[in-house]
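# Show me the folded form of this:
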Amino acid sequence: MAEFREYYEGVHAKLAVKYAVGLKRYMRRYVEPLRYASKDAPAEMEFDVITELWFDDRNIFDNVVKFAARGVLPDDILADEERVFDRPKTRYATVIEADSVL
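Below is the predicted model:
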């Protein structure tokens, strides 16, 4: 996991930033499973990172997702993703946030 994080931050994220047109925020959240959270929970998660892309413009977002989901990306990004990710397992989703007043 440490090697994956180091590569993502040191290589892939820097490569991706060069194509970050219209991107407001690019965040990676690395998953560290809690081994004792549940006796029935597997020790390993099916994913290692949640990557968040934030946009101010919905049209730019829609286009980025449309092309990325079909693998229509710059050649160097695609080659690097093949190296570091299990691309067939990549999933895309939008998130609706809801905060609780504490």
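# Which secondary structure state is assigned to the spatially closest residue to Val11 that is not a sequence neighbour?
Distance criterion CB to CB, 6 or more residues apart in numbering; nearest residue to Val11, sequence neighbours excluded, is Asp80 at 6.9 Å. Every C-beta, even on glycine, is put in place using the N, C-alpha and C of the backbone. For Asp80, the assignment made with DSSP: H, G, I helix; E, B strand; the rest coil gives helix.
# wait, what's in contact with Asp80?
If you count contacts by CB atoms under 8 Å, 6 or more residues apart in numbering, Asp80 has them with 11-12, 15.
# Mind doing that once more with 10 Å?
Shown here is Asp80, whose contacts under the criterion CB atoms under 10 Å, 6 or more residues apart in numbering are 7-8, 11-12, 15-16, 73-74.
# Out of these, which end up buried?
The neighbour-count test (16 or more other CB atoms under 10 Å) applied to those identifies 8, 12, 16, 73 as buried.
# in a helix, that's where the first one is, yeah?
Which is Tyr8. Yes - when classified by three-state DSSP, Tyr8 is found to be part of a helix.
# so it makes contact with Ile50?
No - the criterion here is CB atoms under 10 Å, and Tyr8 misses it with Ile50 at 11.8 Å.
# Now for the two: what residues contact both?
Taking CB under 10 Å, 6+ apart as the criterion, Tyr8 and Ile50 both touch 28, 30.
# low-confidence ranges in the protein?
36-43 (pLDDT under 70).
# What strand or helix carries the residue nearest to the spatial centre of the chain?
Centre of the chain computed as the mean C-alpha position; nearest residue by CA atoms, centre = their mean is Thr51, 2.3 Å away. Here Thr51 is covered by strand 49-55, with elements defined by DSSP states H and E.
# Within the sheet, what are the partner strands of that strand, with directions?
Taking DSSP bridges as the criterion, strand 49-55 pairs within the sheet with strand 23-30 (antiparallel).
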